[in-house]
Every structure is written in C-alpha cells, then in structure tokens.
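Trainee: next come a sequence and a model predicted from it.
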Amino acid sequence: VAAAYGATRLLVLDGSDPAVPAAEEAPVPVVRAPEWAYSTEEAQWRPAAEVSSEATAELPEEAEVEEMLALGRDLPVWFTPARVAAELARIRPPRTERGLTVFFTGLSGSGKSTIARGVAEGIRRSGRTLTLLDGDVVRRMLSAGLTFSRADRDLNVRRIGFVAAEIARHGGVAVCAPIAPYAATRAEVRAMVEEVGDFFLVHVATPLEVCEARDRKGLYAKARAGEIPEFTGISDPYEEPRDAELVLDTEGRSIGESVVEVLDTLRAGGWLPTEPA
C-alpha cells in the first residue's frame, strides 16, 4: 500500500515519523464539527448555536421512531429523507401488517379459552387472517398421545408455539389458549414468534379458588382425589407471568368485558384497525 502511494518511509504505530525530530513536529489541531439543530422557523438544519431553543425541533428517541413505524405513521420529513423512511417502513411495517401471536395463559377453568374465542372472532371481523389454536383442540389433534407430564406439557406448548410462529411468519394472527404453566417454556415460544412477528401475552389471572369452584369438567375434584397426577395449581405449580402485555382480572366481570378489554388493547397498540372492518 505504501509503495502504491509513493511513500518513501514508514510511520510507526503511534503516528510519529521517525525521520522528523520530535521538536520539529507541528501539532495537528482537532477540528470538531458543530452540533446542528433543525429550525422550525426556517424549516432547515442550522448550527445549533444559531437556533433558539423555542425554534429547535426535538429529535425523536429510538423508541418513538419504533412506535411511529408500528402505528403506520410517517416519520417527519425533516428527520429523515423520504427514501430512508420508506426503507424503514419496509423493514418495520405497521403492526396491522405484521404477523401476531396472541397467547393466553392461565389456570384450567380461568376462562381463557372462552375469552380467546371471543377475541378471535373480533380479530376476524377486523379483516385480519386468523387461526385459533385452542388448547383442547390442539391436544386432540396436534399433540395427540402426549401425557400430562412436565416434559409432554412443555412439548405441547412448544408445538403450539411452532405453529403460531409459522402463521405469524406469513403475516397472519394466531390466537392460542393453553395453560402453559412454566415461564421458561413461554419464553421459548415468545422467542420463536418474535423472530418472525409480534408476541402478545395475556395472563388470565383468575384465582385458583374461583377456578376450582367452577370445575366444569370435574378436573379439580379428580386432582384433589389423586386421580390426576401433576395437575396445575394442585399438585404442580403455575408460574405466573411477569412479562405479560395484559393481565385480565376476571373476578366479577363478564366474558364479554374481558374480550372487549383485549380487543381495545390490541387496537390501541396498532395490531388491529381502529375501526372494525
């Protein structure tokens, strides 16, 4: 490289030239570029020192840019060139165009399957392509033959997560409603889905005593009698989510009210159109 540029001597690593005495070295001044600011009065970028604080446009933070993209809003023209904004919008399309998994978790009898069906119908009416992966249906079809051991329950949830991720990969919405009692497995599903789309975790936080009082399928009675081993909430733990996007307190509330809360939250977050289709 030195030969190509006609160099006749090499510089040592610290930048000094061994052929020039140290006393003769002239210091190279460091010229720093001035800070710039966008003037709302002049509609142009100028050195910050020349723009009053009242006229200085506030630069959006990274999170604000992400939120604008998520909600399908245009980035300010003064903030980024149109071609750059278009490329950002292509890479991070609005949430109404992204694949989404709405993942309900909660104890048996919490009402999560019924709420999930209502939410699925609301999403379908909004015009989005939807698949409902109900826990009981998945058990009969996708996970037929699995037991209720921890290993098999984890495998069941992973299978649901895999299918949901594939739906999200192609821009669809998957609504899932397994018990999914273990935090680590839920985290695996979240990671799987977020590689290709968005993940929205809903904890249906109905207390155990309320779920057991309902006991429509008689499962809690059988678990108390020892007929069902490793039953979540009785002989096996339920690890409450700490990362849920929404926690539903269903005590004293109708199913319809819970469905509305989920749909309203999804609309506010930009995953559904503001007005149903």
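Mentor: Yep, it's here.

Trainee: only the buried residues of stretch 158-170, if you could.
Mentor: By neighbour count with 16 or more other CB atoms under 10 Å, stretch 158-170 contains the buried residues 159-161, 163-168. Every C-beta, even on glycine, is put in place using the N, C-alpha and C of the backbone.

Trainee: before we move on, what about stretch 120-139?
Mentor: So for stretch 120-139, counting by 16+ other CB under 10 Å, buried means 120, 122-124, 126, 128, 130-135, 138-139.

Trainee: report the lowest-confidence entry in these.
Mentor: Of all those, Gly135 has the smallest pLDDT value, namely 70.

Trainee: how near is that residue to Ala151?
Mentor: As defined by CB to CB, to the nearest Å, Gly135 lies at a distance of 17 Å from Ala151.

Trainee: what residues are up against Tyr38?
Mentor: With contact set as CB atoms under 8 Å, 6 or more residues apart in numbering, Tyr38 has these partners: 44-46, 51, 56-57, 78-79.

Trainee: give me the low-pLDDT residue ranges for the stretch 51-200 of the chain?
Mentor: Of all residues in the stretch 51-200 of the chain, none has pLDDT under 70.

Trainee: 90 instead?
Mentor: Applying pLDDT under 90 to the predicted model, the residue ranges of the stretch 51-200 of the chain that meet it are 72, 81-82, 89-92, 134-150, 152-153.

Trainee: so after the helix or strand hosting Asp152, what's the next helix or strand?
Mentor: For Asp152, the host element (DSSP states H and E) is helix 150-169. Along the chain past helix 150-169, the next helix or strand (assigned with DSSP H and E) turns out to be strand 173-177.

Trainee: mind listing what Arg124 touches?
Mentor: Arg124 makes contacts with Leu130, as judged by CB under 8 Å, 6+ apart.
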